[in-house]
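A.B. asks: take a look and give me a structure for this.
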Amino acid sequence: MQAVSFIPGRRNPRSTDKDKVMEPIEDFFAKNRQQVQQDLEDATAIVHFLLERGFDHRRRNHLGECAADIAEKNYMPEVAQLIRDTG
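C.D. replies: Predicted coordinates for the structure are as follows:
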């Protein structure tokens, strides 16, 4: 087995493709932390709402029904009807 020497200041010679993929993702999160945090909070609120409504992922149209309920509660009856009509 060949030994690999470490040179300070240089990248790990054994870096993987995962490192090449993760660096841009980490940069994106660092630059967009506030927006990412808000998106996560919004997504969490939606998931909690769906769970409170008894969302059942096994029912084919249940997500649409929940989305229509959300639209109605936000005083958007046209959107709610459109969701219901399109299934």
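A.B. asks: okay, CA-based contacts and neighbour counts for the rest of this
C.D. replies: OK.
A.B. asks: contacts for the longest helix along the chain next, please.
C.D. replies: Taking residue count as the measure and DSSP state H as the definition, the longest helix of the chain comes out as helix 33-52. Helix 33-52 is contacted from outside by 29, 66, using CA atoms under 8 Å, 6 or more residues apart in numbering.
A.B. asks: in that helix, which residues are buried?
C.D. replies: Neighbour-count burial for helix 33-52, with 16 or more other CA atoms under 10 Å as criterion, is recorded at L50.
A.B. asks: what's the next secondary structure element after that helix?
C.D. replies: Downstream of helix 33-52, the first helix or strand assigned by DSSP states H and E is helix 62-73.
A.B. asks: using CSV, write down the CA coordinates of that following helix.
C.D. replies: Included here for helix 62-73 are C-alpha records, laid out as CSV according to Å, rounded to 0.1, in the frame of the first residue of the first chain:
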residue,chain,number,x,y,z
HIS,A,62,-56.5,13.8,0.4
LEU,A,63,-53.7,16.3,-0.2
GLY,A,64,-55.9,18.1,-2.6
GLU,A,65,-58.8,18.2,-0.1
CYS,A,66,-56.4,19.6,2.5
ALA,A,67,-55.1,22.2,0.0
ALA,A,68,-58.7,23.2,-0.8
ASP,A,69,-59.5,23.6,2.9
ILE,A,70,-56.4,25.9,3.3
ALA,A,71,-57.6,28.0,0.4
GLU,A,72,-61.1,28.3,1.8
LYS,A,73,-59.8,29.3,5.2
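A.B. asks: quick one: least confident helix or strand in this protein?
C.D. replies: helix 17-31 (a mean of 70; mean pLDDT, DSSP states H and E).
A.B. asks: tell me who's in contact with the nearest residue to D69 once chain neighbours are set aside.
C.D. replies: In space, and not counting its chain neighbours, D69 is closest to A80: 6.9 Å by CA to CA, 6 or more residues apart in numbering. Contacts were defined as CA under 8 Å, 6+ apart; by that measure A80 touches 67-72.
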